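Peer 1: would you be able to build a 3D model of this:
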Amino acid sequence: MAVPRLQLLPAEEVLVDIRPHWSFLSGPLVLSMAAVAIGIALDVGIPHTSVALHWVEGAAVAVPCAWLAVRVVRWRTSGLVLTSFRIIEYWGAISRRQREIPLSQIEYTNVVQSQLRRMIGTGRLELALWGEEQMPWLEDVRKPMILQRVINRRLGPPTDPDPGTG
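Peer 2: Numbers count the residues shown, from 1 in each chain. I've put the predicted structure just below:
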């Protein structure tokens with residue numbers, strides 16, 4: 001995937017390299033399939049219509065299909081790489097963007113999943129950073145509970161904030 005294009009640090013190894021979950025495509029895919037089915041049903045059900053009406057129908061079908069095409073390109077050009085030192089999220093087909101979060105800045109992680117997302121194996125991974133109030137998150141992560149465990153193993157054991165209490 002994107003590992004050869006990444007500039008890895010000395011002694012840094014790639015632990016996880018994944019794309020967003022396929023559910024990222026589900027909304028545009030369902031809408032495109034419905035639009036195509038309605039378009040075909042109209043062509044079959046009303047066979048003798050004007051050319052102008054066919055153009056309107058074609059445009060109504062093309063818009064959701066174009067949305068699906070854009071979403072597929074975004075899905076193919078997005079990814080998440082967990083290395084031994086950092087988390088790298090990248091996206092962009094025309095202009096490449098990248099966000100890096102060093103593992104040393106992560107205080108703890110949370111996984112947010114609805115019942116449906118839990119059944120299909122996707123969710124949101126929230127990262128609490130030391131000294132930051134806002135939590136950055138990674139959306140549409142495949143198997144977020146497993147990714148959370150891998151990250152937490154790299155963070156090490158939790159530290160006691162008040163070592164004086166016993």
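Peer 1: longest helix in the protein, by number of residues?
Peer 2: helix 51-76 (DSSP state H).
Peer 1: list the buried ones in that one?
Peer 2: Using 16 or more other C-beta atoms under 10 Å as the test for burial, helix 51-76 gives 57, 61, 64-65, 67-68, 71, 75. (Each C-beta comes from the backbone N, C-alpha and C, glycine too.)
Peer 1: stretch 91-101 now?
Peer 2: Buried-residue list, stretch 91-101, by 16+ other C-beta under 10 Å: 91, 101.
Peer 1: cool, and stretch 142-149?
Peer 2: The neighbour-count check on stretch 142-149 (16+ other C-beta under 10 Å) flags 142-144, 147-148 as buried.
Peer 1: can you show me the CA trace of that stretch as PDB?
Peer 2: C-alpha atoms of stretch 142-149 as PDB (Å, rounded to 0.1, in the frame of the first residue of the first chain):
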ATOM      1  CA  ARG A 142     -11.400  -1.600  10.500                       C
ATOM      2  CA  LYS A 143     -11.500  -3.600  13.700                       C
ATOM      3  CA  PRO A 144     -11.000  -0.600  16.000                       C
ATOM      4  CA  MET A 145     -10.800  -2.800  19.200                       C
ATOM      5  CA  ILE A 146      -7.800  -4.700  17.800                       C
ATOM      6  CA  LEU A 147      -6.100  -1.500  16.700                       C
ATOM      7  CA  GLN A 148      -6.700   0.000  20.100                       C
ATOM      8  CA  ARG A 149      -5.100  -3.100  21.800                       C
END
